[in-house]
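> Mind folding the following:
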Amino acid sequence: MEFDPIEKIGIARIRLSLPKCGTTVVAAGFFEADRALTAWKDAARPVHACEYAIQFIDGAALRGRFSSSAKTARLPSLWKVVQLALGVGSAAAGLRVYHALVDRNGKPVDTSLLEHYALERS
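Numbers count the residues shown, from 1 in each chain. Prediction:
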């Protein structure tokens, strides 16, 4: 598969879920996803375990989950969670992040391909 080295594959949508509460939201980008996380926290929803799926225009998705302990003082932004999953930056105490890049059929893809996807804040 050939990629243009300049243009990155964009985000189609982001899905966030709180499995314990049965709550899901679909957002257009990181800004909207963070607003949902903040709203959940302000509504006293336990955001200790959150699943996310960043769907890209080509059908691939970065899926993962993050969890924090009650000792974690501040809920990080989703963009920060993704950066931590990719090994960029350091995690707050008590924060755990897991992720996998999958193709449009849900099969795992080498995460080195993530450099071709737009994961900047928008």
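> Helices along this protein, start to end?
30-42, 78-85 (DSSP state H).
> Can you dump the C-alpha atoms of the shortest one in PDB for me?
Taking only C-alpha atoms (Å, rounded to 0.1, in the frame of the first residue of the first chain), the coordinates of helix 78-85 have been written out as PDB:
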ATOM      1  CA  LEU A  78      -8.500  11.800  24.600                       C
ATOM      2  CA  TRP A  79      -5.700  13.300  22.400                       C
ATOM      3  CA  LYS A  80      -3.300  12.900  25.400                       C
ATOM      4  CA  VAL A  81      -4.500   9.300  26.000                       C
ATOM      5  CA  VAL A  82      -3.700   8.500  22.300                       C
ATOM      6  CA  GLN A  83      -0.300  10.100  22.600                       C
ATOM      7  CA  LEU A  84       0.400   8.000  25.700                       C
ATOM      8  CA  ALA A  85      -0.800   4.900  23.900                       C
END
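> Would you mind getting the angle between that helix and helix 30-42?
Interaxial angle of helix 78-85 relative to helix 30-42 (axes from the mean of the first three to the mean of the last three CA atoms, to 10 degrees): 100 degrees.
> Can you name every helix or strand that helix 78-85 contacts?
Contacts defined by 3 or more CB pairs under 8 Å, 6 or more residues apart in numbering; DSSP states H and E place helix 78-85 against helix 30-42, strand 49-56, strand 61-68, strand 95-102. Heads up, the C-betas are built off the backbone N, CA and C, glycines and all.
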